[in-house]
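S.K.: The following block contains a protein sequence and its predicted model.
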Amino acid sequence: MSEKLLTFLGVGDRNRQLEAQLQDREYQRVRYFLPDAPDKEIETPFVGQAILELHPDRFSQVVILGTVDSMWDTLLIHFLSDTQTEAEIELYTELFEAIEHKREAEVENLLPRLTRVLEKRWRPGLQLKLIPVGRTQEELWQIFETLTGLKPSNTTLSIDITHGLRYQPFFLLLALQYFHLTRPNVRLGSVFYGALELHDYYEGRAPLFDLRPMLELMQWSLAAQAFVQYQDPEPLLGLLRDPRQERLRHELRQFARQINLNLFNDFRNRAQKLSHQLRGLSQREENMPAPFRLVEPFLVDFCETFAGAQSDWEALLRLARRHLKYRRPALAVLAAYEAVVHRLCEIYGVRPAAKNSRGKRYSSELIQALKRGSIISRALPELKELIKAVNELQEIRNNTAHFRTDSEGPDPGYRLTKIKTLLTILEEKLGHPTLEQLPHLYPLERP
């Protein structure tokens, strides 16, 4: 996969005369070096050049972003040799004048000529892009449109945030993160910063830092959001790369998949084991990433929501409520229905997956028994509201699981309100002690 470097061209000191620039070329040069390879250094006024030469053969393309005030003319003069052509000197003069008077349209029209010269004098694969200063929200979105016009695809993007106005690199970082999210084949590489202000610590040299943890923290933030808001731990698990955490990753992944696929076998017991395992992390000295430690309480709460239930059916009702909270009403209906099944199986003393002599699941037979509303309601009037709720829940469940060929039925908003109401009834009535009398009214056929 190719890699593209995006760098800002700074404004620099524009208090100089054209003749002085042409004759003396007095502009600040900095000796840049990599902290992990201090023996090699590059002296240049442009940190982008230092990045390219300290990382040879790494970048196939370079995009230089700058405003009308940026040092486009200084960039040109830096790469001109003693054998400048008249066309190159003329280009420099035109750039200098356009920049001095902030004539944006002229600068933009000159950039293609500047690109051709720099590709010949310096390196191929250059793109020079003029961006607005970003003084208004509209200008900020124009910067975003410029970045979108780069059409990054099947590439790794790295950025240099050394120069530019303070907020421009920050905006660029957010834009790249958005590209990464919306285009799966765009990866994030490095965040470079030439720390000129630290030159006193390095004998007059400036370290070129790779602030990759900034990108990693953005990934952690998105992963935490996916879990906290949507109960999806998969992005978090992808960031736990320590082999010692393989068992934890596996258990969390299996538990999350069990929930999202409505696989309820041993559900509460698995939650209890996982809760215990997560709580143990805080007591053991392990190299858990610092961002994970901040989200760990949410994971513990996630598991203990179900682990603290007194029964499997209560845990399933909690799961249904959680599905509803995180906008998964279809899964909420399925979990609530299974809560009814587990409660009835608990009363009758059978396993939810057990079958009678005809090979039919007891759970189906028990639901049918509870639906004998007229018989049971007369004998056990306390269960009338519960029986009605179960009937309505099963109808919604069937409509959820099967394609409807008739009319669309009630408005989705109405149906969502109905699901919330039914879940509240189940939470209030499914544990009613009167339900224990059901086996006497409707005994099961045992094998």
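M.R.: Nice, thanks for sending it over.
S.K.: Could you pull up phi and psi at the residue nearest to Leu252 when sequence neighbours are not counted?
M.R.: Excluding the flanking residues, the one nearest Leu252 by Cβ to Cβ, 6 or more residues apart in numbering is Pro233, at 5.2 Å. C-beta: built from backbone N, CA, C; applies to glycine. When read as degrees, to the nearest 10, the backbone of Pro233 gives phi -90, psi 0.
S.K.: Pro233 touches Ala256, doesn't it?
M.R.: Yes: the pair Pro233 / Ala256 is scored as a contact, 5.0 Å apart, by Cβ atoms under 8 Å.
S.K.: more neighbours, the two?
M.R.: Legend: neighbour count by other Cβ atoms under 10 Å for Pro233 and Ala256, higher for Pro233 (23 against 18).
S.K.: Who are the contact partners of the more buried one?
M.R.: By Cβ atoms under 8 Å, 6 or more residues apart in numbering, the contact list for Pro233 reads Ala226, Phe227, Leu252, Arg253, Ala256, Leu299.
S.K.: Just the buried residues from the residues you listed, in PyMOL please.
M.R.: Applying 16 or more other Cβ atoms under 10 Å to the contacts of Pro233 leaves a buried subset, and the PyMOL line that selects it is:
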select buried, resi 227+252+256+299
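S.K.: Same list (the contacts of Pro233) but as JSON lines, adding secondary structure and pLDDT.
M.R.: Listed next are the contacts of Pro233 as JSON lines, based on DSSP: H, G, I helix; E, B strand; the rest coil; pLDDT from 0 to 100:
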{"residue": "Ala226", "secondary structure": "helix", "pLDDT": "85"}
{"residue": "Phe227", "secondary structure": "helix", "pLDDT": "83"}
{"residue": "Leu252", "secondary structure": "helix", "pLDDT": "84"}
{"residue": "Arg253", "secondary structure": "helix", "pLDDT": "84"}
{"residue": "Ala256", "secondary structure": "helix", "pLDDT": "82"}
{"residue": "Leu299", "secondary structure": "helix", "pLDDT": "84"}
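S.K.: ok, the contacts of Pro233 vs Leu52, which is closest?
M.R.: Ala226 (35.8 Å; Cβ to Cβ).
S.K.: OK, contacts around the closest one?
M.R.: By Cβ under 8 Å, 6+ apart, Ala226 lies in contact with Asp232, Pro233, Glu234, Pro235, Leu236.
S.K.: Return the subset of those lying in helices.
M.R.: Among these, DSSP state H puts Glu234, Pro235, Leu236 in helices.
S.K.: Who does Glu43 form a beta bridge with?
M.R.: Arg31 (DSSP bridges).
S.K.: quick one: low-confidence ranges for the protein?
M.R.: 1, 12-27, 280, 282-287, 371-375, 377, 402-414, 445-447 (pLDDT under 70).
S.K.: which residues sit against stretch 421-430?
M.R.: 313, 317, 320-321, 324, 332, 336, 339-340, 343, 383, 385-386, 389-390, 392-393, 396.
S.K.: change it to 6 Å
M.R.: When contacts are defined by Cβ atoms under 6 Å, 6 or more residues apart in numbering, stretch 421-430 is touched by residues Leu317, Ala320, Ala336, Arg343, Leu386, Ala389, Glu392, Leu393.
S.K.: Looking at those, state which has the most neighbours.
M.R.: Ala336 (29 neighbours).
S.K.: these two touch, right, it and Ala320?
M.R.: Yes: if you go by Cβ atoms under 6 Å, Ala336 and Ala320 touch, sitting 4.1 Å apart.
S.K.: tell me the SS of Ile143?
M.R.: Following DSSP: H, G, I helix; E, B strand; the rest coil, we place Ile143 in the helix state.
S.K.: Now it: closest residue in space, sequence neighbours ignored.
M.R.: Ile143 sits nearest to Ile131 (Cβ to Cβ, 6+ apart), 4.9 Å away.
S.K.: looking at it, the one you found is touching Val63, isn't it?
M.R.: No: the criterion here is Cβ under 6 Å, and Ile131 misses it with Val63 at 10.7 Å.
S.K.: Distance from the chain centre to the helix or strand containing Val390, please.
M.R.: If you go by DSSP states H and E, Val390 is part of helix 384-401. Put simply, helix 384-401 sits 37 Å off its chain's centre (Cα atoms, centre = their mean, to the nearest Å).
S.K.: for stretch 146-158, same thing?
M.R.: 18 Å.
S.K.: Can you list the buried residues in that stretch?
M.R.: With burial defined by 16+ other Cβ under 10 Å, the residues of stretch 146-158 counted as buried are Thr146, Leu147, Leu150, Pro152, Thr155, Thr156, Leu157, Ser158.
S.K.: What of stretch 355-371?
M.R.: Arg361, Tyr362, Ser363, Glu365, Leu366, Ile367, Ala369, Leu370.
S.K.: Show me those that map onto helices.
M.R.: Tyr362, Ser363, Glu365, Leu366, Ile367, Ala369, Leu370.
S.K.: contacting residues around the first one?
M.R.: Spelled out, it's Tyr362. Val350, Ala354.
S.K.: ok, so what distance separates it from Glu304?
M.R.: Here the criterion is Cβ to Cβ, to the nearest Å. By it, Tyr362 lies 30 Å from Glu304.
S.K.: So what does Pro152 look like in phi/psi?
M.R.: phi -60, psi 130.
S.K.: got a list of what it touches?
M.R.: Phe179, Val186.
S.K.: Tell me how far Ile51 lies from Glu97.
M.R.: Following Cβ to Cβ, the distance that separates Ile51 from Glu97 is 30 Å.
S.K.: Name the nearest residue to the residue positioned nearest the centre of the chain, sequence neighbours excluded.
M.R.: With distances taken as Cα atoms, centre = their mean, Leu222 lies nearest the centre of the chain, 3.2 Å away. Sequence neighbours aside, Pro235 is the residue nearest to Leu222 in space, at 6.4 Å (criterion: Cβ to Cβ, 6+ apart).
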